[in-house]
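1. Below is the structure, and that's it, no one-letter string:
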C-alpha cells in the first residue's frame, strides 16, 4: 500500500464519513488527494458495512460541494494572483492553469459538470467561476449537480466492486502494476463523461423544443 493510500485508509478508519468529507473538500481545493480512488474505496467499504450507506453518500456530496464553494469564493475574492502564488505548492502547473482557463472561457457553465472527470480542471473550474464573477446561483446549480453525478459514479463503482470482486486482490493487482491504474480511472471517467454529456444534450434538446413551442 502506497503512503497516500495508507493515509486515506487510516483517515476513513478513524473518522468515517466525516473524514471522507474533509478529504474530498481538500482534494477539490487543490491538495494532492486521489479523489476518485477515495470514492471507490469508500463505496467498497460502504457495501461491506464499514461506512454507513446514507452517511457516506451525504458526506461525499457535502465534501464535494464545500470544496467547490471554497474554490469559488477564493476565485471571487482573491483572483488570479492567489492562484499563481500557491499553484506550485499544490503541484498545479501553469499548463493546467492555462488549459482550465481556456476550457472555462470556451465551455462556461458546462465545465462545472464535466470538469470533475478531468484532473486539474476539477481543482480549477470553480476557481475560474469565481474569477469570472459568475452569479452564485448559477454556479451552485451546475457545480452541485456535477458533484452529485460524480460521487454517484465512483461510489457506485466501489459498491459494485464490493459485491463482485475481492478488493484486496484487486488492490494488490494495481499495486503490482501501477501503470494500469490511470487506465482504470480514465475508463471510469470516460463512462461518467459520456453519461454527463448524454444528460446535458438531452436536457438541451428538450429545452430547445420547449423554447420553440413558446415562440410559435
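-> Yep, it's here. None of these values were measured; they are calculated from a predicted model. Residues are numbered from 1 along each chain as shown.
2. what residue lies at the spatial centre of the protein?
-> The centre of the chain sits closest to residue 116, judged by C-alpha atoms, centre = their mean, with a distance of 4.0 Å.
3. Spatially nearest residue to that residue (excluding sequence neighbours)?
-> Nearest non-adjacent residue to residue 116, counting by C-beta to C-beta, 6 or more residues apart in numbering: residue 150, 4.0 Å away. Using the backbone N, CA and C atoms, a C-beta is placed for each residue, glycine as well.
4. one step back: pretty sure the residue nearest to the centre of the chain contacts residue 148?
-> No: taking contacts as C-beta atoms under 8 Å, residue 116 lies outside contact range of residue 148: 10.2 Å.
5. thinking again about what came up before, mind pulling up the phi and psi values for the residue nearest to residue 116?
-> Dihedral pair for residue 150: phi -60, psi -50, per degrees, to the nearest 10.
6. wait, it sits on residue 64?
-> Yes: contact criterion C-beta under 8 Å: residue 150 and residue 64 qualify, at 6.8 Å.
7. before we move on, the earlier item: so the residue nearest to the centre of the chain: helix, strand or coil?
-> Put simply, residue 116 is helix when judged by DSSP: H, G, I helix; E, B strand; the rest coil.
8. what's the spacing between it and residue 67?
-> Residue 116 is 11 Å from residue 67, where distance means C-beta to C-beta, to the nearest Å.
9. Give me the residues contacting the helix or strand that residue 80 is a member of.
-> Using DSSP states H and E, residue 80 sits within helix 79-86. Helix 79-86 is contacted by residues 30, 74, 75, 92, 97, 124, 127, 131 when judged by C-beta atoms under 8 Å, 6 or more residues apart in numbering.
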